[in-house]
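Undergrad: Build the 3D model from these lines:
(chains A and B)
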Number of protein chains: 2
Amino acid sequence: MKFSISRDLLLSHLNHVAKALSTKPQMPILTGIKLEVKTDALLLTASNSDITIQSTVSQTEKLVIEEEGICVLPGKYLLEIIRKLDANTIDFASFEENMVKILADRSNFTLNTLDKDAFPLISFDNSPLNLSLDVLNLKQVIKKTTFASSISESRMVLTGVSFSTNDSKMEAIATDSFRLAKKYMIFDRHYPKINVVIPSKSLDELNKIIEEIDQIVQIHFFSTKVLFKYKNLLFQTRLIEGVFPNTSSLIPTEFMTSLRFNKQELLSAIERASLFTSSESTNIIKMTLTNDNLVQITSTSNEIGAVLEEVNSLECSKVMPFQIAFSSKFFMDALRAFDSAEVSIHFTGEIKPFIITGEYDVNHIQLILPVRVA
Amino acid sequence: MKFSISRDLLLSHLNHVAKALSTKPQMPILTGIKLEVKTDALLLTASNSDITIQSTVSQTEKLVIEEEGICVLPGKYLLEIIRKLDANTIDFASFEENMVKILADRSNFTLNTLDKDAFPLISFDNSPLNLSLDVLNLKQVIKKTTFASSISESRMVLTGVSFSTNDSKMEAIATDSFRLAKKYMIFDRHYPKINVVIPSKSLDELNKIIEEIDQIVQIHFFSTKVLFKYKNLLFQTRLIEGVFPNTSSLIPTEFMTSLRFNKQELLSAIERASLFTSSESTNIIKMTLTNDNLVQITSTSNEIGAVLEEVNSLECSKVMPFQIAFSSKFFMDALRAFDSAEVSIHFTGEIKPFIITGEYDVNHIQLILPVRVA
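TA: Numbering: from 1, shown residues only, chains lettered A, B, ... in the order given. Prediction:
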């Protein structure tokens, strides 16, 4: 194995692939990045128990291949070395049985390789069951759903986002059973039936990698995994087994009253109102609709003190005395998922789920279950 | 107690005082900030077991005092509230026995006060034993010494910086017994005899607060504490008891050979050479002077691999084959303490302490003890 490569080009590819590096020492081979030097390209691959990422560097003047070969290098150290080098070009050459020399300007690194035969063989075949999404849409779906997944593994299926298609509609739903985030898309063609649950952590990693919003991501579905193809990158994640709960009946469609707010004003008021509710278990705030369109947000801590914030709603569909209590964290998470400057809250009752929508956030709903308070 | 104050003004003072807030729950009163409203000023005070900080806000159009009074408010929450408010002006008013109302725009906070009688009474008197330093000088002294203090409390006296005067010279020395940092200043007048050890942590906190380099800091020395007076700020820290070791004989004055380097080039090479030496115990690198002015820096990890970096010295006083091994961390810490673009390393022997100086860093020496390697 022998090749020269631009330092910046290699670093950008390594930064992507490194997202799949395992930090668990139980499987040492998964702390490695596999380098496959072919006649016309360099393939970089990393894999942990959840995701596998492969990035392809094509031969150009920035990658000069002299000799093919395969090796697995310790990922963390390879990345650190390339980061710390300020040379323009870096030379790689394997020597003896299990070593690789990395030369750049006046730096000379020797890295012991990991056992390349122990690296898992991973197929990146296409699936007949596939669809395409533009990066912007995919990033929106991820940003608006994953945070609402469960972080507890007691119900594994809730740690993922459910993706399902129905004719030309695709729905993405996440819920931890106290709140629910839903984003759907209508395509201009019918898609085959898809019904999978993708780990939220995998989607968050994918979201960090896909950047160029004018690009397309091809998504290939299999029974136990899903493959995202983006530019010269293959991103594969396992699916979560199990049946995602049917949530369609949970989302109310008729409302007692709806209030429209300036999103930032409401968010700032909630942030302040929740200052005394830092602990997870007691982050409950109350919202009271008094008269006209005045809304009071309150919280009390016996130990520290009390907060009262007042916000005017921009519009109120029906003025009525009304009080509801909910988790300030869930509410702030939900508000932050909206891109609109104005959001509406639709209430169905003092102890019934309410939903949030945004004027320009089409096909996007956040639902929160209130809590009973004395 | 009743006053109105500019939000930005209050926040800047609170940010300073908060550096002395205790995070230890054993003494709940020390988690509070004391507000003393006088006829013409607001005094903010916080204190933990090491340092006490008092900041004075004078009455201007940005502070309107209506009623004097004293209270102690939970520091963390007070700071969070002021940070999160976007109002221009904030009103404070005490009511009932033990509560304070904070009003700003449409926000209404009620804070339970802490017991003001439990707050320690701290004297900020002047001392006849005092001297003045400009902020720039003081910041330099702190930056060039504290990092070399011991972090182990097994010899408490080494967790501080020794300040001592001798006629018109003041010396600041820190050492953890493996390395030593020394910075001294020559004044244009004689100073009384001072010999104290100031906790390095306190100095680092002080360094974060003092900013305006055209200001003067007055330093007042007492037997068990030292008071820094800067603008409207009083910063007091306890001293460390015990006798600081006499280090004057440790610093060599005659050298076998001296090498001059571009600081950044040397630092980058050392950073790369230490990539495989991440653990504290094995961060040893070797420096070899081969011929002419070529220097090789090497480190080896049986597990990961090896690095060889080459750096040309700009000048070498005496060419001789020479090898020395030392902690890369100590060396990088020391190099970063220099402002000069070029530094010189002065060797006295392969297993003897060496020192580093910088062309424009007057009165500043870093010393490192090498280690024996096979």
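Undergrad: so A:S123 is in which element?
TA: Secondary structure from DSSP states H and E places A:S123 outside every helix and strand.
Undergrad: what's the distance between it and A:T45?
TA: Applying CB to CB, to the nearest Å, the value for A:S123 to A:T45 is 12 Å. Glycine gets a C-beta too; all of them are placed from N, C-alpha and C.
Undergrad: okay, the two: which has more neighbours?
TA: Regarding A:S123 and A:T45, a neighbour count based on other CB atoms under 10 Å in any protein chain shown identifies A:T45 as having more, with 22 against 9.
Undergrad: Need the three-state assignment for the more buried one.
TA: Three-state assignment for A:T45 (DSSP: H, G, I helix; E, B strand; the rest coil): strand.
Undergrad: Surely it and A:L14 touch.
TA: No - using CB atoms under 8 Å, A:T45 makes no contact with A:L14, being 11.4 Å away.
Undergrad: tell me the secondary structure for the residue nearest to A:L206 when sequence neighbours are not counted?
TA: Closest residue in space to A:L206, ignoring its immediate chain neighbours: A:F235 at 5.5 Å, by CB to CB, 6 or more residues apart in numbering or on different chains. Look at A:F235: counting by three-state DSSP, its state is strand.
Undergrad: A:F235: how many residues sit nearby?
TA: Neighbour number of A:F235 under other CB under 10 Å is 26.
Undergrad: wait, what's in contact with it?
TA: By CB atoms under 8 Å, 6 or more residues apart in numbering or on different chains, the residues touching A:F235 are A:51-53, A:205-206, A:209, A:227-229.
Undergrad: Determine which two of those residues are furthest apart.
TA: Using CB to CB, these span at most 15.6 Å, a distance reached by A:E205 and A:K229.
Undergrad: Within the sheet, what are the partner strands of the host helix or strand of A:I173, with directions?
TA: Using DSSP H and E, A:I173 maps to strand A:169-175. When sheet partners are counted by DSSP bridges, strand A:169-175 sits next to strand A:160-166 (antiparallel), strand A:179-186 (antiparallel).
Undergrad: what's the next secondary structure element after the longest one?
TA: Right, the one you point to is strand A:179-186. Next in sequence after strand A:179-186, counting helices and strands by DSSP H and E, comes strand A:195-199.
Undergrad: so what strands line up beside that next one?
TA: Counting by DSSP bridges, the strands paired with strand A:195-199 are strand A:160-166 (antiparallel).
Undergrad: Can you give the contact residues for the helix or strand bottoming out on mean pLDDT in chain A?
TA: Lowest on mean pLDDT, DSSP states H and E among the helices and strands of chain A sits strand A:315-316, with a mean of 90. Residues outside strand A:315-316 that contact it (CB under 8 Å, 6+ apart): A:257-260, A:289, A:292-293.
Undergrad: Next one: stretch A:35-49, is it in contact with chain B?
TA: No - Stretch A:35-49 lies out of reach of chain B by CB under 8 Å from any CB of the partner chain, never closer than 14.9 Å.
Undergrad: Equivalent analysis for stretch A:88-99, please.
TA: Yes - contact of stretch A:88-99 with chain B (CB under 8 Å from any CB) involves A:M99.
Undergrad: chain center to that stretch: distance?
TA: Offset of stretch A:88-99 from its chain centre (CA atoms, centre = their mean, to the nearest Å): 35 Å.
Undergrad: Now do that stretch: distance from first to last residue.
TA: This stretch, stretch A:88-99, spans 23 Å end to end (CA to CA, to the nearest Å).
Undergrad: that's a strand at A:I355, yeah?
TA: Yes - A:I355: assigned to a strand according to three-state DSSP.
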